[in-house]
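Here is a sequence together with a model predicted from it:
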Amino acid sequence: MTAIRVGVIGAAGRMGTEVCRAVEAADDLELVARVDEGDDLADLAKAGARVAVDFTHPGVVMGNLEYCAGAGIHSVVGTSGFTPDRLAQLREWLAKSPETGILIAPNFGIGAVLMMRFAAQAARFYESVEIVELHHPNKVDAPSGTARRTAELIAEAREGAGLGEMPDATVDDPDGARGGKVDGVPVHAVRLRGLVAHQEVLLGDDGEMLTIRHDSFQRTSFMPGVLLGVRRVVSTPGLTVGLEHFLDLG
Ligand SMILES: NC(=O)C1=CN([C@@H]2O[C@H](COP(=O)(O)OP(=O)(O)OC[C@H]3O[C@@H](n4cnc5c(N)ncnc54)[C@H](OP(=O)(O)O)[C@@H]3O)[C@@H](O)[C@H]2O)C=CC1
Ligand SMILES: O=C(O)C1=N[C@H](C(=O)O)C[C@H](O)C1
């Protein structure tokens, strides 16, 4: 068996450090490059990387992916900040490199993927739904990519079920206490020392509430998903959005 040669972009970061450790511990993978800010992306090709794993920053990830797609290096991406326009741009780059694959995963935690799936399943049965995402205080963006994706899925499910706007009699909210709205779904972002990555989806209707909650207490929780992505992206050309496409969820 030939090991898959992997380069990590953002290797010195919180996630990058953990990914390097996980790749080094896997018998079927070989860590061949660590790329950090100021390094040359061409180091990836020089090292013969077949897959690049990106955990950097929304402001730099597109440049990294343009390079990788152009060099025929598959990418596994955890970095947040992917809008529909950005996804369209990736499809354009991949059209010129049709054998290359990119996986964009808003969350690599298997439990988080299930939480999103369960929230979408439940959404059509409830009049009201709100998302509370809770993260460490060094997180650069809000709301989280996971919360955005969850809100999108919930909005799709509500539309499919013919549900309209949620009831909310608030007319006076000068401090934004009702949170932000993503696709019509209220999202509340908490940043707190001691937290890693957590999310609750609250679904309410007459006389009842369903709470769906996921907690990543350690970044190791993302590693099985990242390694699965690396193993699968090499045989999945084109753009894949969401780790669920590489999981058999039944
Ligand atoms: N999908 C998922 O499951 C998860 C996604 N994330 C996402 O991953 C991203 C990174 O998170 P996290 O690891 O906590 O952040 P960190 O800030 O700890 O890590 C980012 C790293 O990228 C480096 N970096 C910045 N610019 C470049 C560049 N141009 N080339 C190479 N490296 C660069 C930073 O260096 P420097 O500090 O010197 O700027 C830093 O070391 C975020 O978008 C976060 O939301 C996080 C956890 C799970
Ligand atoms: O920055 C983080 O930490 C995380 N970012 C991702 C997101 O924005 O959803 C995934 C997870 O929540 C951890």
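Cool, the structure landed. Ligands and ions are numbered 1, 2, ... in the order given.

count of neighbours near the closest residue to ligand 1 within the chain?
Relative to ligand 1, the nearest point of the chain is residue 13 (2.1 Å; CB to the nearest ligand atom). Bear in mind the C-beta positions are built from the backbone N, C-alpha and C, glycine included. Using other CB atoms under 10 Å, residue 13 has 17 other residues around it.

ok, now residue 91?
Around residue 91 there are 11 residues (other CB under 10 Å).

Assumed it was part of a strand.
No. Using DSSP: H, G, I helix; E, B strand; the rest coil, the secondary structure at residue 91 is helix, not a strand.

Please name the nearest non-neighbouring residue to it.
In this structure, residue 91 finds its nearest non-sequential neighbour in residue 239, 5.5 Å apart by CB to CB, 6 or more residues apart in numbering.

How about residue 86?
Spatial nearest neighbour of residue 86, excluding adjacent residues (CB to CB, 6+ apart): residue 62 at 6.4 Å.

related to what we said a few turns ago, contacts only, for the residue nearest to residue 91.
87, 90, 91, 94, 101, 102, 104 (CB atoms under 8 Å, 6 or more residues apart in numbering).

out of those, who's nearest ligand 2?
Nearest member of the contacts of residue 239 to ligand 2, counting by CB to the nearest ligand atom, is residue 104, at 11.6 Å.

Pop out the phi and psi values for the closest one.
Torsion angles at residue 104 (phi, psi; degrees, to the nearest 10) stand at phi -110, psi 120.

Strands of the protein, start to end?
4-9, 29-35, 51-54, 74-77, 101-104, 128-135, 180-182, 185-191, 197-205, 208-216, 238-241 (DSSP state E).

Take the ones you listed and lay them out in a markdown table including mean pLDDT.
As requested, the strands of the chain are exported to a markdown table (pLDDT from 0 to 100):
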| stretch | mean pLDDT |
| --- | --- |
| strand 4-9 | 98 |
| strand 29-35 | 98 |
| strand 51-54 | 98 |
| strand 74-77 | 98 |
| strand 101-104 | 98 |
| strand 128-135 | 98 |
| strand 180-182 | 97 |
| strand 185-191 | 98 |
| strand 197-205 | 98 |
| strand 208-216 | 98 |
| strand 238-241 | 98 |
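
Let me have those in TSV, extended by distance to residue 222.
Shown next, in TSV, are the strands of the chain (distance: least, CB to CB, whole Å):
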stretch	distance to residue 222
strand 4-9	13
strand 29-35	15
strand 51-54	11
strand 74-77	11
strand 101-104	13
strand 128-135	13
strand 180-182	22
strand 185-191	19
strand 197-205	8
strand 208-216	7
strand 238-241	17
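
Skip the chain neighbours and tell me the closest residue to residue 118.
That would be residue 212: by CB to CB, 6+ apart, it lies 5.2 Å from residue 118.

again, but for residue 215
Nearest to residue 215 is residue 198, by CB to CB, 6+ apart, at 4.7 Å.

Quick check: bridge partners of the one you found?
residue 134, residue 215 (DSSP bridges).

mind checking pLDDT for the residue nearest to residue 86?
Note for residue 62: predicted pLDDT of 98.

from what I can see it touches residue 87, true?
No. Using CB atoms under 8 Å, residue 62 makes no contact with residue 87, being 10.7 Å away.

ok, now which ones touch residue 249?
Residues in contact with residue 249 (CB under 8 Å, 6+ apart) are 113, 114, 117.
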